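In: my questions are about this predicted structure, shown below with the sequence.
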Amino acid sequence: MVKKLFIGLFLMSSSLAFTQSLELPPDFRQHNLQEYNSNLFNPVFSLRQDYENQVALWSRWQWQGIDADPTTLYLSYLRNQERLSFGAGFFQHNTGVYQQTGGMLNFAYNIALGGDFNLALGVNIFGYQQQLMDDRLIPGEPILPIGDEVNDFVFQVMPGLELQIRDFAVGVVSENMLDFNFTENGSVTESDEKIFTVMARYAFPVMQNTSGGQTTLQPLAYYRRVPGYDNQMGLTALWSAPSYWAQAGYNSFYGASLGAGVRLFQMVSIGGLVEFGSNNNDVGGDTSYEVVGVTEHWDTHTTYYDLNNGAFREHEQIYIP
């Protein structure tokens, strides 16, 4: 406890000198994830994937500069079976102060409530090693050997749910509802330090091609409470077609974004996104970049639950990357 107190005081005293590194919110900066790896935004979104098996890579380079760029890397595998989806992932997340490296498990289940009502429940379970990242916080002759001591193992639980009525859905998720530092033998955050996101979305069916592939337009609005930082309000619009996808968005803290990607041979998808920095926060920001690469395939006679349209769908082709 004494060690944590001294480290906290030291980091606070350094914040004026290194504001650019210290003022980033502690979340995963995953607000643009709508087409792939969206279960990092809300655990139940793993039910939205169209393919039964999916391997996806996502990386974000935040506000590029010449030193200590906060970067997030996330590699995941997801499997969707009827009303159940599950998966696992590896991530490395640089908050600007700490680097977190570890794994994640995802589970989601859809419950039919009757009529056009469905309730989706999901959870992400994280386990990661947390180390001090920005060595500029450590003076040449350190008062405390914090560079060697900040090496914690953290357990974190992120639950989420979504209520769907036909093509409309509302959901809520808490990124750190439960967390525990095994190294320090105590909670990481207090009850008033939890990150909450409330969201609403609507799926507009646009067209269907001769092979049965559907094109949809899906706007999503969200409000995120990040204690100690400016709350975030955001809006994204995702256009998803059988051969490509495109999206645009705005986050009150991070700024506006534009992204697009293509699907190749019904097996591989690659894409990128650019987010233009906003001056509506204390640190401002330059351009951030995201890239995504995905491989996916169907098993024979696949039956899965389409969360976007609230119904079971079947696919009898085999696409194997």
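Out: Nice, I can see it.
In: quick check: which ranges of the stretch 201-321 of the chain have low pLDDT?
Out: By pLDDT under 70, the low-scoring segments of the stretch 201-321 of the chain are 210-212, 280-285, 298-321.
In: now do the strands in the stretch 151-300 of the chain.
Out: Here the stretch 151-300 of the chain has its strands, by DSSP state E, counting those that start in this stretch, at 151-165, 168-174, 178-181, 196-202, 204-208, 214-225, 232-240, 244-251, 255-264, 268-275, 288-297.
In: residue 95 is nearest to which of those strands?
Out: strand 151-165 (12.2 Å; C-beta to C-beta). Backbone N, C-alpha and C define where each C-beta goes, glycine included.
In: for the strands of the stretch 151-300 of the chain, which one sits closest to residue 24?
Out: strand 288-297 (11.0 Å).
In: note down every partner strand of the closest one and its orientation.
Out: strand 53-61 (antiparallel), strand 268-275 (antiparallel) (DSSP bridges).
In: okay, now the unreliable bits of the stretch 1-150 of the chain?
Out: Checking the stretch 1-150 of the chain against pLDDT under 70 turns up 1-23, 64-69, 134-149.
In: ok, back up a step: mind putting the strands of the stretch 151-300 of the chain in CSV, distance to residue 126 and mean neighbour count included?
Out: Output for the strands of the stretch 151-300 of the chain, formatted as CSV (distance: least, C-beta to C-beta, whole Å; neighbours: other C-beta atoms under 10 Å):
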stretch, distance to residue 126, mean neighbour count
strand 151-165, 4, 18
strand 168-174, 13, 18
strand 178-181, 9, 16
strand 196-202, 16, 18
strand 204-208, 34, 12
strand 214-225, 18, 18
strand 232-240, 21, 18
strand 244-251, 22, 19
strand 255-264, 25, 17
strand 268-275, 23, 18
strand 288-297, 20, 19
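In: re earlier: figure out which of the strands paired with strand 288-297 is closest to residue 80.
Out: That would be strand 53-61 among those, by C-beta to C-beta, at 7.8 Å.
In: need the contact partners of that closest one.
Out: 29, 32-33, 36-37, 40, 69, 71-80, 288-299 (C-beta atoms under 8 Å, 6 or more residues apart in numbering).
In: do stretch 73-89 as well
Out: Contacts for stretch 73-89 (C-beta under 8 Å, 6+ apart): 28, 37, 39-40, 46-47, 49, 51-59, 90-93, 103-112, 303-305, 312.
In: the strands of the stretch 151-300 of the chain into a markdown table, with extra columns for distance to residue 190?
Out: Shown next, in a markdown table, are those (distance: least, C-beta to C-beta, whole Å):
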| stretch | distance to residue 190 |
| --- | --- |
| strand 151-165 | 14 |
| strand 168-174 | 14 |
| strand 178-181 | 10 |
| strand 196-202 | 14 |
| strand 204-208 | 41 |
| strand 214-225 | 14 |
| strand 232-240 | 21 |
| strand 244-251 | 26 |
| strand 255-264 | 30 |
| strand 268-275 | 31 |
| strand 288-297 | 30 |
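In: so which of these gets nearest residue 63?
Out: Of all the strands of the stretch 151-300 of the chain, strand 288-297 comes closest under C-beta to C-beta, at 5.8 Å.
In: follow-up on the earlier one: of the strands paired with strand 288-297, which is nearest residue 204?
Out: strand 268-275 (21.0 Å).
In: ok, and what's touching the closest one?
Out: In contact with strand 268-275 (C-beta under 8 Å, 6+ apart) are residues 32, 35-36, 245, 247, 251, 254-264, 287-296, 321.
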